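Engineer: Need a 3D model of the following:
(one chain, ligands or ions: 2)
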Amino acid sequence: MAANERTDGSNANPTTDSDELLVLSTVTAGYGAGLILKGVDLTVRKGEIVCLIGPNGAGKSTVLKTISGLLRPKSGSVSFRSEEIGGMSSRQRLGRGIVHVPQDRSLFPGMSVWENVVMGAFILSDQALIKSRLEQVAETFPIVANRRAAMAGSLSGGEQKQVELARSLMLDPALILLDEPSIGLDPKSRTAVFASISALADSGRSVLLVEQNARSGLAVAHRAAVLEAGLVALTGSGESLLNDPEVARLYLGASAKAPVLEKLADTA
Ligand SMILES: Nc1ncnc2c1ncn2[C@@H]1O[C@H](COP(=O)(O)OP(=O)(O)O)[C@@H](O)[C@H]1O
Ligand SMILES: [Mg+2]
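Structural biologist: Ligands and ions are numbered 1, 2, ... in the order given. Purely as a prediction, here's the structure:
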């Protein structure tokens, strides 16, 4: 199964692999008495884009919440730069460089693009630092400068997503958690979002991406994992999962070609 499987829990010292940024070991979590995550093992290394796919309700968003601190794991370990963070608040985790871009629109619609992006730095007080970050972010995401005075709520869905991604950079994060960033967008905006995800991962950042649009998600990812019913069922490179017939059948919308049609094509 998983190449990066950690089953014994005793071997959780990431010095064995200095590139490991985030390591989830047998994480369980849920919202009430029952468990949604039933022992998730997942590793994200420095500079890596990891894509998490799986059916609706599998627990993908729940995985992101246990990493950003919206939810605390019931058992298991969430380790970030070799430090256990599973018991920390969201704010403490933000301070360590973990940002979460949720699935739902999260901009303040009645505030300007610029103000929304500045909000991304809300735990910083150094004005000079905020200013220089704004300049960097506007370079990566030109919409921040080009539409700076527009009310965020007046932008299209695709433009709003770009602003959300821009805002996530204000803390110069080491790890960006993206929950279905392309959902509900037109094809052109979707292409722009996937291009931006690669830009986010520049300069050594890591991205953990949850995507329904599995084909595009896997194409942009270095590694990927399939989550099914609260467990990681499969991991591999993005490319190997793209070429896995079972993954294709279940998640890539590739209606498996009926063998009889292929035969007909061969003989035509
Ligand atoms: N806030 C919540 N309270 C109770 N149950 C929830 C909550 N959020 C999600 N769930 C349940 O947890 C399960 C996994 O949800 P989620 O992590 O959102 O799945 P996915 O993102 O893979 O679609 C689902 O059965 C969902 O109904
Ligand atoms: Mg979800």
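Engineer: Using PDB, write down the CA coordinates of the strand or helix carrying Thr191.
Structural biologist: For Thr191, the enclosing helix or strand under DSSP states H and E is helix 187-200. The C-alpha trace of helix 187-200 is given here as PDB (Å, rounded to 0.1, in the frame of the first residue of the first chain):
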ATOM      1  CA  PRO A 187     -13.300  26.100 -17.500                       C
ATOM      2  CA  LYS A 188     -11.100  29.200 -18.000                       C
ATOM      3  CA  SER A 189     -11.100  30.100 -14.300                       C
ATOM      4  CA  ARG A 190     -10.400  26.500 -13.500                       C
ATOM      5  CA  THR A 191      -7.300  26.500 -15.700                       C
ATOM      6  CA  ALA A 192      -6.200  29.700 -14.000                       C
ATOM      7  CA  VAL A 193      -6.600  28.200 -10.500                       C
ATOM      8  CA  PHE A 194      -4.500  25.200 -11.400                       C
ATOM      9  CA  ALA A 195      -1.800  27.500 -12.800                       C
ATOM     10  CA  SER A 196      -1.900  29.500  -9.600                       C
ATOM     11  CA  ILE A 197      -1.500  26.300  -7.500                       C
ATOM     12  CA  SER A 198       1.800  25.700  -9.100                       C
ATOM     13  CA  ALA A 199       2.700  29.300  -8.400                       C
ATOM     14  CA  LEU A 200       1.800  28.800  -4.700                       C
END
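Engineer: Heading C-terminal from that helix, find the next helix or strand.
Structural biologist: strand 206-210.
Engineer: that older thread, packing partners of the helix holding Thr191?
Structural biologist: helix 157-168, strand 206-210, helix 214-220 (3 or more Cβ pairs under 8 Å, 6 or more residues apart in numbering; DSSP states H and E). For the C-beta atoms, the positions are set from N, CA and C on the backbone; glycine is no exception.
Engineer: Try it again at 10 Å.
Structural biologist: strand 49-53, helix 127-140, helix 157-168, strand 175-179, strand 206-210, helix 214-220 (3 or more Cβ pairs under 10 Å, 6 or more residues apart in numbering; DSSP states H and E).
Engineer: Fine by me, thanks again.
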